[in-house]
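K.L.:
Got a predicted model here, sequence first, then my questions.
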Amino acid sequence: MAIDCIKNTTLCPMHRSMPKQERQDDQSPLVFDASLLSHQPNIPHQFIWPDHEQPCMTARELPAPIVDLRGFLSGDWEEALEASRLVGEACLKHGFFLVVNHGVDARLITDAHKYMDAFFELPLSEKQRAQRKVGEHCGYASSFTGRFSSKLPWKETLSFRYSAEPSSSRLVEEYFTNTMGDNLQQLGIVYQKYCEAMSKLSLGIMELLGMSLGVGRDCFREFFQENDSVMRLNYYPPCRKPDLTLGTGPHCDPTSLTILHQDQVGGLQVFVDGEWCSIAPDFDAFVVNIGDTFMALSNGRYKSCLHRAVVNSETPRKSLAFFLCPKKDRVVRPPAQLVDAKEQPREYPDFRWPTLLEFTQKHYRADMNTLKAFSNWILSSNSISR
């Protein structure tokens, strides 16, 4: 479903009028070359965030719930119930939790971090062979300079698609060889395996979410069985003015579930109880958070959480983010058990994931209000088309 959102600028912050200087910047796009900008004493004004959004460098650590998956993965029913209880409590409170004893090979995680260097340490011209095209969500992005003209994130990313369908069993491998050539073939092999491990872990977490919501362990697992997801490699270079910028601005993920692995540098912050709190790195744990699509699937019972990333002046930071998304033809609609005409009416209209994805890529910069803005647009469009 195509989205013509430009006509309604109240729903489309990406298309609001900009000052003359910013429009001029758009005509000559800023090039984010980390090898140069990381050493400059000042940063371009496009990277400076408003005072009220600039980072707190001494945020307190959030005591995020730790969910041990060992018993659940081994088939222990009592342990599974306890894990689902902890997951449910976290999703009702702030939408973040850690999972340990998750079954993912530590060597695979190490390799996934190591091979990020093989890509991000390439010259800019080489990385640009995978340049993300305007309006698309996969490819290399150097701070999204082609999409936005202000409040730019201090980071580089490489995003690529993963599909759990049997017919797409080498999709990630083929992306790297087709885009970057045989020299980076090993990256494709490693990230294909990593995505498969993340997909498997995601389906297990979906079982726990289904149990915690009382719809059964198979409900969401089956919904995401042939998921069509996104893998993103994040690289946050050092910045001489880390107190003025952000690695990633405040937002809620529009996807269903995010599984993040941080390196040991740290920088992830979550907004809880009116303040920004940090999530300490832990090699043995994955950070999991709910996204907008699952918020809609749960009929608003579980909330997607506002988070951001900060940078520092000394050390690059890297993270691996797997964004679980449903198969493209799946209709996002909450199970009947989560809807009650009187007590719990429908919060959001039906939609398919590609429609929300297009909304965030072409018409709306993801923030804490993405799902609300998207829902309003769908309802408005349906009303007009009648």
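P.N.:
Happy to help now that I have it. Numbering: from 1, shown residues only.

K.L.:
Identify the residues contacting residue 325.
P.N.:
Contacts for residue 325 (C-beta atoms under 8 Å, 6 or more residues apart in numbering) come out as 227, 228, 229, 230, 255, 256, 293, 353, 357. Every C-beta, even on glycine, is put in place using the N, C-alpha and C of the backbone.

K.L.:
Now rank these by neighbours and give me the top one.
P.N.:
Counting by other C-beta atoms under 10 Å, residue 256 has the largest number of neighbours within the contacts of residue 325, with 28 neighbours.

K.L.:
That one and residue 109: what is the separation?
P.N.:
Distance of residue 256 to residue 109, given as C-beta to C-beta, to the nearest Å: 22 Å.

K.L.:
same check, this time on residue 254
P.N.:
Counting by C-beta to C-beta, the gap between residue 254 and residue 109 amounts to 25 Å.

K.L.:
Which one of these two is surrounded by more residues?
P.N.:
Higher neighbour count among residue 254 and residue 109: residue 254, with 24 against 18, using other C-beta under 10 Å.

K.L.:
So that one: helix, strand or coil?
P.N.:
coil (DSSP: H, G, I helix; E, B strand; the rest coil).

K.L.:
One more: the one 5 residues further on?
P.N.:
Look at residue 259: counting by three-state DSSP, its state is strand.

K.L.:
ok, and what's touching stretch 307-316?
P.N.:
55, 57, 96, 153-155, 234-242, 245-252, 265, 267-271, 276, 289, 317, 319.

K.L.:
Repeat that for stretch 107-116.
P.N.:
Under C-beta under 8 Å, 6+ apart, the answer for stretch 107-116 is 186-187, 190-191, 193-194, 197, 233, 235, 261, 263, 283, 318, 320.

K.L.:
for these, which one is nearest residue 50?
P.N.:
residue 235 (24.6 Å; C-beta to C-beta).

K.L.:
which residues of the stretch 101-250 of the chain score low on pLDDT?
P.N.:
For the stretch 101-250 of the chain, the stretches flagged by pLDDT under 70 are 145-146.

K.L.:
which residues of this protein fall in helices?
P.N.:
All helices of the chain, identified by DSSP state H, fall at 20-27, 34-37, 70-73, 77-93, 106-120, 124-127, 171-180, 185-213, 218-223, 292-297, 353-358, 370-385.

K.L.:
Is it possible to get those out as TSV so that each row also shows distance to residue 336?
P.N.:
Shown next, in TSV, are the helices of the chain (distance: least, C-beta to C-beta, whole Å):
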stretch	distance to residue 336
helix 20-27	47
helix 34-37	49
helix 70-73	26
helix 77-93	19
helix 106-120	39
helix 124-127	47
helix 171-180	34
helix 185-213	12
helix 218-223	10
helix 292-297	12
helix 353-358	21
helix 370-385	20
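
K.L.:
ok, back up a step: for PyMOL, write a command that selects the buried ones of the contacts of stretch 107-116.
P.N.:
Filtering the contacts of stretch 107-116 down to the buried ones (16 or more other C-beta atoms under 10 Å) takes a single PyMOL command:
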select buried, resi 187+190+191+193+194+197+233+235+261+263+318+320
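
K.L.:
Could you work out the most separated pair of the contacts of stretch 107-116?
P.N.:
The widest separation within the contacts of stretch 107-116 (C-beta to C-beta) is 22.0 Å, between 186 and 283.

K.L.:
Near the closest residue to residue 220 other than its chain neighbours, how many other residues are there?
P.N.:
Nearest non-adjacent residue to residue 220, counting by C-beta to C-beta, 6 or more residues apart in numbering: residue 206, 4.0 Å away. Neighbourhood size, residue 206 [other C-beta under 10 Å]: 25.

K.L.:
Name all residues that make contact with the closest residue to residue 201 other than its chain neighbours.
P.N.:
Among residues not flanking residue 201 along the chain, residue 102 sits closest, at 5.7 Å (C-beta to C-beta, 6+ apart). Counting by C-beta under 8 Å, 6+ apart, residue 102 makes contact with 69, 73, 201, 285, 286.

K.L.:
Distance of the last one relative to residue 97?
P.N.:
If I follow you right, that is residue 286. Residue 286 sits at a distance of 10 Å from residue 97 (criterion: C-beta to C-beta).

K.L.:
next one: the fourth one
P.N.:
Distance of residue 285 to residue 97, given as C-beta to C-beta: 10 Å.

K.L.:
And those two? Which one has more around it.
P.N.:
residue 97 (25 against 21).

K.L.:
For residue 285 and residue 97, list the residues in contact with both.
P.N.:
Joint contacts of residue 285 and residue 97 (C-beta under 8 Å, 6+ apart) are residue 66.
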